[in-house]
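Novice: need coordinates for the following:
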Amino acid sequence: MYSSNVSSNHSASASRYLRSRQQFIRGLVGLILVTVIAGCASLAQGCPFCSALAPTLSDDLKDSSVAVMARHESVSVDKDGLRLCRLRVMHVFKGNTKLANTVIEIPEVDVLSDDGVFWLVGYGKGTIMWGKPKATSSKAVAYLRGLTTQSQDQQPPLEYFLPYLQHPDELIAADAYNEFADANFDDICQLKEKLDRNWIIEVVRDPSVPVHRRRLCWTLLSQCGTPADTQLFDELLRLRQVDQKFNPAMDSAIACFISLGGESALSRVERDYLEKLDASYLDVFAAVSAIRVHGTELNVLPRQRLATALGKVLSRAELADLVIADLARWEDWSAIDRVVTLFETATEETHFIKPVVVLYLKTCPLAAADTALAKLRALDPKTVHAAEASMLFYPGLATVPVPPPADEEPSPALDEPTSPRVAEKQSAKGSSGVAEKELR
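Specialist: Modelled structure (predicted):
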């Protein structure tokens with residue numbers, strides 16, 4: 001903060017994620033179960049595959065005492081050798097309008113463009129503590145004015161941000177994305193008739209587009225696309241074969257593929273990812289995540305059909321923990337015999353599956369589950385007792401989430417302290433759109 005008086009490689013990644021998942025589950029079942037059950041009811045229902053990369057400008061406006069647009073004017077060096085940047089205020093969006101045309105001096109931590117225009121927010125009264133300048137342009141004025149036309153406690157409707165996804169100013173386009181990432185999924189669905197399908201397809205095809213924006217566009221295409229658009233899925237798979245660094249955003253791509261292709265698309269996902277024994281962990285995880293979203297958010301295929309698809313993963317012991325929790329949540333008890341076999345045949349590498357099986361059986365209301373649990377208790381009493389103890393005070397669904405593959409592009413670090421409002425939103429939203437859906 002500044003003060004002024006006025007002023008990848010798929011195989012390597014899969015191996016790493018698999019090891020981390022095993023370590024994550026082993027020894028933490030009880031703690032995770034408590035966290036999940038306590039938080040299930042309060043999870044935000046935002047874009048299924050999107051995660052905001054930074055606080056929105058609406059958050060900046062709500063939490064700051066001053067918000068301005070300022071132009072770089074000059075840089076000077078004080079007696080201690082500290083470079084001071086002088087910014088002249090062009091527009092005041094919040095705070096004392098007398099700040100207009102005044103000069104703000106802040107330490108130049110990062111070199112700012114000599115002729116740059118910046119979005120700047122400040123906190124406090126009297127001596128203003130300024131946040132880090134964010135590069136923008138004079139083209140952003142209309143967008144920022146639109147944000148300030150709402151009352152303090154109101155948010156512009158999601159439709160307001162839709163055209164700005166294509167804005168040439170990167171700060172504005174990124175902010176519109178963050179608004180969609182935080183938006184209620186039902187609100188996204190209601191924009192179906194207003195979506196620019198041709199532009200969305202163009203973005204999905206563009207290999208230079210960041211993966212988080214491709215995820216959003218797959219989600220939008222699932223609302224406005226046609227069955228013929230399912231060919232985009234194969235098109236991007238071919239591109240990935242040519243360029244292994246290219247990330248098609250498989251989770252949202254598969255979800256869109258199923259939305260537009262229905263039963264035939266799901267059957268292909270089963271064949272290529274859920275039943276195929278040499279399918280990569282990353283692709284299997286993406287397919288499971290996509291089907292999970294269909295079972296919790298969408299109404300394209302019956303949930304029981306989706307559960308049948310997830311059950312295919314039980315044939316791979318090292319990946320079975322990805323789906324057992326979903327089968328329990330969706331009350332699919334047809335897997336009792338299969339999960340018992342997974343417990344009985346668990347090896348040193350797949351030992352982590354045992355507590356998950358116990359939680360599935362403890363959740364199942366059928367007498368067959370009690371019989372199976374008694375059998376497993378005789379086989380491995382220590383593991384069964386530990387898993388049962390984790391449910392002692394928090395009975396509920398057998399839910400043991402696994403960490404998703406991280407995006408290849410890191411989220412930018414925030415340079416200023418997170419405000420209470422933003423912290424609350426991040427807590428509700430979770431660090432990963434996919435991860436939070438997994439807890440439902």
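Novice: give me phi/psi at F352?
Specialist: Note on F352: backbone dihedrals following degrees, to the nearest 10 are phi -60, psi -10.
Novice: can you report how many residues neighbour it?
Specialist: F352 has 22 neighbouring residues, counting by other C-beta atoms under 10 Å. (C-beta placed from N, C-alpha, C; glycine too.)
Novice: same deal with P248?
Specialist: Residues within reach of P248, counting by other C-beta under 10 Å, total 23.
Novice: OK, contacts around it?
Specialist: P248 is in contact with R214, L236, L237, L239, R240, counting by C-beta atoms under 8 Å, 6 or more residues apart in numbering.
Novice: so F246: helix, strand or coil?
Specialist: coil (DSSP: H, G, I helix; E, B strand; the rest coil).
Novice: swap in the one 5 residues further on?
Specialist: Counting by three-state DSSP, the backbone at D251 sits in helix.
Novice: wait, doesn't it sit right on R292?
Specialist: No. Assessed by C-beta atoms under 8 Å, D251 is found out of contact with R292, at 9.3 Å.
Novice: quick one: which of these two has more around it?
Specialist: Neighbours were counted for D251 and for R292 using other C-beta under 10 Å; D251 has more, 28 against 25.
Novice: what sits against that one?
Specialist: F49, R215, F285, A286, A287, S289, A290, V434.
Novice: filter those residues down to the ones in helices?
Specialist: Those of these mapping onto helices are R215, F285, A286, A287, S289, A290, V434, per DSSP state H.
Novice: tell me the pLDDT at the nearest residue to K139 once chain neighbours are set aside?
Specialist: Using C-beta to C-beta, 6 or more residues apart in numbering and skipping residues adjacent in sequence, the residue nearest K139 is D169, 5.1 Å away. pLDDT recorded at D169 is 94.
Novice: quick one: D169 and K192, what's the gap?
Specialist: From D169 across to K192, the span is 27 Å (C-beta to C-beta, to the nearest Å).
Novice: which one of these two has more residues nearby?
Specialist: D169 (19 against 11).
Novice: need phi/psi at the more buried one.
Specialist: Phi and psi for D169, reported as degrees, to the nearest 10, are phi -80, psi 120.
Novice: check S76 too.
Specialist: S76 adopts backbone torsions of phi -130, psi 170, taken as degrees, to the nearest 10.
Novice: identify the bridge partners of it.
Specialist: Under DSSP bridges, the beta-bridge partners of S76 are L84.
Novice: please enumerate the strands of the stretch 101-250 of the chain.
Specialist: Using DSSP state E, counting those that start in this stretch, the strands of the stretch 101-250 of the chain run over residues 103-107, 117-123, 128-130, 134-136.
Novice: mind listing what the third one pairs with, with the direction of each?
Specialist: By that I understand strand 128-130. strand 2-4 (antiparallel), strand 117-123 (antiparallel).
Novice: name the residues that touch the last one?
Specialist: Read it as strand 117-123. By C-beta under 8 Å, 6+ apart, strand 117-123 touches 1, 4, 57, 60-61, 63-72, 87, 90, 95, 104, 112, 128-131, 133-138, 140, 144, 171.
Novice: on that earlier part again, ok, of the contacts of P248, which come out buried?
Specialist: Burial by neighbour count, 16 or more other C-beta atoms under 10 Å: within those this picks out R214, L236.
Novice: can you tell me which of the contacts of P248 end up in helices?
Specialist: Short answer: the contacts of P248 in helices (DSSP H) are R214, L236, L237, L239, R240.
Novice: separation between the first one and Y177?
Specialist: Here the distance between R214 and Y177 works out to 11 Å (C-beta to C-beta).
Novice: ok, now K192?
Specialist: Distance from K192 to Y177, by C-beta to C-beta: 19 Å.
Novice: T148 contacts V92, correct?
Specialist: No. The pair T148 / V92 is not scored as a contact, 9.8 Å apart, by C-beta under 8 Å.
Novice: pick out whichever of the two has more residues nearby.
Specialist: Legend: neighbour count by other C-beta under 10 Å for T148 and V92, higher for V92 (19 against 14).
Novice: and that one, what are its phi and psi?
Specialist: phi -110, psi 120.
Novice: what residues are up against L327?
Specialist: Here L327 is in contact with A307, L310, G311, W333, A335, Y360 (C-beta under 8 Å, 6+ apart).
Novice: next, format those as JSON lines and append pLDDT and neighbour count.
Specialist: Below are the contacts of L327 laid out as JSON lines (pLDDT from 0 to 100; neighbours: other C-beta atoms under 10 Å):
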{"residue": "A307", "pLDDT": "97", "neighbour count": "20"}
{"residue": "L310", "pLDDT": "97", "neighbour count": "24"}
{"residue": "G311", "pLDDT": "96", "neighbour count": "21"}
{"residue": "W333", "pLDDT": "96", "neighbour count": "17"}
{"residue": "A335", "pLDDT": "96", "neighbour count": "23"}
{"residue": "Y360", "pLDDT": "95", "neighbour count": "29"}
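Novice: and T341, what pLDDT?
Specialist: At T341, the pLDDT value in this model is 97.
Novice: so what does the helix or strand where it lies touch, helix or strand wise?
Specialist: In this assignment (DSSP states H and E), T341 forms part of helix 336-344. Applying 3 or more C-beta pairs under 8 Å, 6 or more residues apart in numbering; DSSP states H and E, we find helix 336-344 packed against helix 353-363, helix 367-379.
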